[in-house]
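*Asks:* Give me the fold of what follows.
(one chain, ligands or ions: 3)
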Amino acid sequence: MKYSFVASLVLQSTAALAELLPVHLKAPSPAHFRDIVRNDTFDFGCRPVAKPTEDGLYRLHAWLTEDQITHLTKEYESSEVTIHKQKVKRVATAPIGTGDRFSSGTISPVGLGTQSSTTTISSILNVNEIKSAVNALVKNYGIGLQTLPYTTFNGASQYVGYVGAGTDKSKYHLYFSAAIHARERGAPDNIIYWISDLLAANKSGSGLTYGKKTYTNAQVNSVLSAGIVFFPLVNPDGVAYDQSSSSLWRKNRNTKSGSSGSSVGVDINRNFDFLWNFKKYFVSSEAPASTSPSSEIFYGTAAASEPETKNHVSVYSTFPKIRWFMDIHSAVGDLLYSWGDDEDQTTTSTMNFLNTAYDGKRGTVGDSSYKEYIPSQDLTNIRTVSTATVNAMKAVGGRSYSSVQAVGLYPTSGATDDYAFSRFWSVSGANKVYGYTLEFGPSGNFYPTLAEFNTNILDTNAGFMDWSLAAISVGLE
Ligand SMILES: *[C@@H]1O[C@H](CO)[C@@H](O)[C@H](O)[C@H]1NC(C)=O
Ligand SMILES: *[C@@H]1O[C@H](CO)[C@@H](O)[C@H](O)[C@H]1NC(C)=O
Ligand SMILES: [Zn+2]
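*Replies:* Numbering: from 1, shown residues only. Ligands and ions are numbered 1, 2, ... in the order given. Down below sits the predicted model:
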């Protein structure tokens, strides 16, 4: 009894902690990656992304164990697919804060945009500090705090902050969320330090500076007046686990479908009610999510089966006039816009995600049997805002970011961004919400160095400013 208990503990920790190494595969075409992308035993980050390279090939990023690398190297021995371990400088990654720098919600966070350009933040916020930071903003600036209805599998209570448009919740038009994927370190920090900047600049009558990008006090006021709702920690159980194990943990920690190693947890970003039951809606040759609990993209036991998903969705009811939504992820250097299930088309309105005639046909990129309908004015609107955002991020310090349709070369189901946009058609009376996924950089790096962590704050915060300003100019109502 004792022996098997110990043995199972050992097994559990080896399975969970098998080291994942960043690699990339190269091939002459995206089609060469189709088999590997469909195999849900591999980890491609938030979504598989194959990008053209300068030498005329395509590059696909992945995080693999040594065993998987050995297996694939053999499998692709006499093919045109090559596997390359990323030469990551093994410098120290940014530390996680110990204790509480905000002294139990009494000292406000101060962002980088209101401080001298040589100032840096010295560690990543731990789970308690994220809540303490929000409590301090409530105490010192009087921002709103809304407790969400469901508690997580490990019993965490969830909350959103809201700021800028007073107590009338129908005056809030911008919604940000972060850390749905636990390992994407620094995502909550990006949003918390930005909100803190807005509040401090508003209070002192100043503007904001992020590297080479500056914003006036009038722009700060304008962004605040749009009404901002922020959900800084969508996956508290996963983040607590990742911060204590450094295991590149992605999913939540629900053990309903599996209780050891990688079988624990649901990918919350495949659990939303948008084409969730992918086996029915997509062509059988595509794998936008996984039914296997041990997969990194396990979709859960039902659409919105997870408390984190239900809480995320509840925000749309509480703040019924949200128009623009951004989900903050890493680590690619992209801003993704809808749709993510197939290529966009603006001509055939009946070819859409609700039309059962297309069940089993969705998801192949490059074919004409199905493409997802988007009204052309909506496409113009989301692209306008997307371009403004990446231009701002590029201007900060020169890192590269691109704006691309979320489907890229492979489809996704059940994700926050498409769910947000789909509500207008699938939920009666729902406001139209333009959904984005920001993948801050640098590419392949879930655990940034301290310098990268600080650059991420500058880049994203300028991105949040221009995203908000462009959204305001396109329209909030
Ligand atoms: C998926 O990859 C694993 C190795 O990680 C391999 O054992 C398995 O056969 C592959 N499955 C398919 C369907 O290709
Ligand atoms: C911004 O500053 C004004 C003037 O001091 C103040 O009345 C308002 O409450 C501030 N807004 C926020 C969101 O703190
Ligand atoms: Zn992600």
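
*Asks:* For L233, list the residues it contacts.
*Replies:* Neighbouring residues of L233 by C-beta atoms under 8 Å, 6 or more residues apart in numbering: 127, 130-131, 158, 178-179, 188, 239. All C-beta atoms are positioned from the backbone trio N, CA, C, and that covers glycine.

*Asks:* Format those residues as JSON lines; extra columns: neighbour count and pLDDT.
*Replies:* Output for those, formatted as JSON lines (neighbours: other C-beta atoms under 10 Å; pLDDT from 0 to 100):
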{"residue": "V127", "neighbour count": "21", "pLDDT": "98"}
{"residue": "I130", "neighbour count": "25", "pLDDT": "98"}
{"residue": "K131", "neighbour count": "23", "pLDDT": "98"}
{"residue": "Q158", "neighbour count": "23", "pLDDT": "98"}
{"residue": "A178", "neighbour count": "27", "pLDDT": "99"}
{"residue": "A179", "neighbour count": "31", "pLDDT": "98"}
{"residue": "P188", "neighbour count": "28", "pLDDT": "98"}
{"residue": "V239", "neighbour count": "31", "pLDDT": "98"}
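
*Asks:* now, which of those lie within strands?
*Replies:* Counting by DSSP state E, these place 158, 178 in strands.

*Asks:* Tell me what the closest residue to ligand 3 within the stretch 301-450 of the chain is bridged to.
*Replies:* As assessed by C-beta to the ion, ligand 3 sits closest to H329 within the stretch 301-450 of the chain, at 3.4 Å. Beta bridges link H329 to E439 when assigned by DSSP bridges.

*Asks:* That one against I180, yeah?
*Replies:* Yes. If you go by C-beta atoms under 8 Å, H329 and I180 touch, sitting 7.4 Å apart.

*Asks:* quick one, which of those two is more surrounded?
*Replies:* Neighbours per residue, other C-beta atoms under 10 Å: of H329 and I180, the larger number sits with I180, 31 against 26.

*Asks:* which residues does that one contact?
*Replies:* Neighbours of I180 in contact, by C-beta under 8 Å, 6+ apart: 234-235, 268-269, 308, 312, 327, 329, 416.

*Asks:* And for E439?
*Replies:* By C-beta under 8 Å, 6+ apart, the neighbours of E439 are 46, 329-336.

*Asks:* Out of those residues, which one has the weakest pLDDT?
*Replies:* Minimum pLDDT across these is recorded for V332, with 88.

*Asks:* Looking from ligand 3, tell me which residue of the stretch 101-250 of the chain is nearest.
*Replies:* H181 (3.5 Å).

*Asks:* Give the helix, strand or coil label for that residue.
*Replies:* Of the three states, H181 takes coil under DSSP: H, G, I helix; E, B strand; the rest coil.

*Asks:* which one is it nearest to, not counting chain neighbours?
*Replies:* Counting by C-beta to C-beta, 6 or more residues apart in numbering, H181 lies nearest to R250, which is 4.9 Å off, once chain neighbours are set aside.

*Asks:* quick check, the one you found in a helix?
*Replies:* No. Under three-state DSSP, R250 falls outside any helix and is assigned coil.

*Asks:* Hmm, G238 and it touching each other?
*Replies:* Yes. Using C-beta under 8 Å, R250 is in contact with G238, at 7.0 Å.

*Asks:* Looking at the two, which one has more neighbours?
*Replies:* A count of neighbours by other C-beta under 10 Å puts G238 above the other of R250 and G238, at 30 against 27.
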